[in-house]
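the sequence and its predicted three-dimensional model are supplied below.
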Amino acid sequence: MTDRTLGALLRTVWRPTVTGLEHLPAGGAILCPNHLSVGDQLFLAICIPRHITFWAKAEYFRATGLRGALTRRVVTGMGAIPVERGGGRAVLSAFDAAVPLLRGGSLVAVFPEGTRSPDGRLYRGRTGAVRLAAQAGVPVVPVGITGTGDATARDILAPSRRPVTITVGPALPGAATADDPVTVRAVTDELLAAIQSLTHQEYVPTYAPPRAP
């Protein structure tokens, strides 16, 4: 199944809509959406009229079985950057891969919650997106996704029970110059507040619990 075919199927079945595209910077930027579903990357990819490189957890690249093979094919085909969540140099390699793309004018998507929401609420943001923006010298762009909570891996091609909407908000240029931990944390909190204004989710001021493999 080609990316074009998959995109056509998703558009036909889920009929996603996108607004706020005028907020996309002309050059490099980091898109920062909330994260409700395994389908969020796919809907972003078909709704944003520019190529997006995603940060994706490294486990996707090591998934096994039939579903794992499909997952590997999708994330590899999308040019995703694997992110090791154990810390150390392995995490820095994701920065090393993303910075040249951003400085070259590309879009990179990072889910600031770090994992999918377990209950549909919006959780505290991790600072990686803002630290990446500061290193590359680019803005972060809040993105609100609604309606994909129904789009599980099992029924991604099943008819939607709710409309899928993607709303792009104004960029936060302050991320490009955040140069100390206090400022990075403050801009991250500002980013999550901007996302919440787009999605109207209940905000939880703690990190989302890690999901089971």
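That came through fine. All figures in this text were calculated on a predicted structure; none of them were measured in a lab.

hey, C-alpha coordinates of the longest helix seen in the chain in CSV?
Assignment by DSSP state H gives helix 181-199 as the longest helix of the chain. Provided in CSV are the C-alpha atoms of helix 181-199 (Å, rounded to 0.1, in the frame of the first residue of the first chain):
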residue,chain,number,x,y,z
PRO,A,181,16.5,25.7,31.9
VAL,A,182,14.0,28.2,33.5
THR,A,183,13.2,29.8,30.1
VAL,A,184,12.9,26.4,28.4
ARG,A,185,10.4,25.2,31.0
ALA,A,186,8.5,28.5,30.8
VAL,A,187,8.2,28.3,27.0
THR,A,188,7.2,24.6,27.2
ASP,A,189,4.4,25.5,29.6
GLU,A,190,3.4,28.4,27.2
LEU,A,191,3.4,25.8,24.4
LEU,A,192,1.1,23.4,26.2
ALA,A,193,-1.3,26.3,27.1
ALA,A,194,-1.4,27.2,23.4
ILE,A,195,-2.2,23.6,22.5
GLN,A,196,-5.0,23.5,25.1
SER,A,197,-6.5,26.7,23.6
LEU,A,198,-6.8,24.8,20.3
THR,A,199,-8.2,21.5,21.7
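
mind listing the helices for this structure?
With DSSP H as the criterion, the chain has helices at 3-14, 40-47, 65-77, 89-103, 128-136, 181-199.

could these go into a markdown table alongside mean neighbour count and mean pLDDT?
For every residue, glycine as well, the C-beta is placed using N, CA and C. A markdown table is the format used below for the helices of the chain (neighbours: other C-beta atoms under 10 Å; pLDDT from 0 to 100):
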| stretch | mean neighbour count | mean pLDDT |
| --- | --- | --- |
| helix 3-14 | 15 | 72 |
| helix 40-47 | 22 | 90 |
| helix 65-77 | 14 | 63 |
| helix 89-103 | 15 | 82 |
| helix 128-136 | 23 | 95 |
| helix 181-199 | 18 | 97 |
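
name the helices or strands packed onto the longest helix of the chain?
strand 29-33, strand 122-123, helix 128-136, strand 140-146, strand 203-204 (3 or more C-beta pairs under 8 Å, 6 or more residues apart in numbering; DSSP states H and E).

give me the neighbour count for R116.
Using other C-beta atoms under 10 Å, R116 has 18 other residues around it.

now swap in R162 and tell me
12.

just give the nearest non-adjacent residue to I30, would you?
Distances taken as C-beta to C-beta, 6 or more residues apart in numbering place V140 nearest to I30, at 4.7 Å, with adjacent residues excluded.

ok, what's across the strand from the one you found?
Counting by DSSP bridges, V140 is bridged to I30, L172.

give me the pLDDT value at R154.
We have a pLDDT of 49 for R154.

check the one 5 residues further on too.
At P159, the pLDDT value in this model is 56.

thinking again about what came up before, and of the helices of the chain, who's closest to P112?
P112 lies closest, by C-beta to C-beta, to one member of those: helix 128-136, at 4.9 Å.
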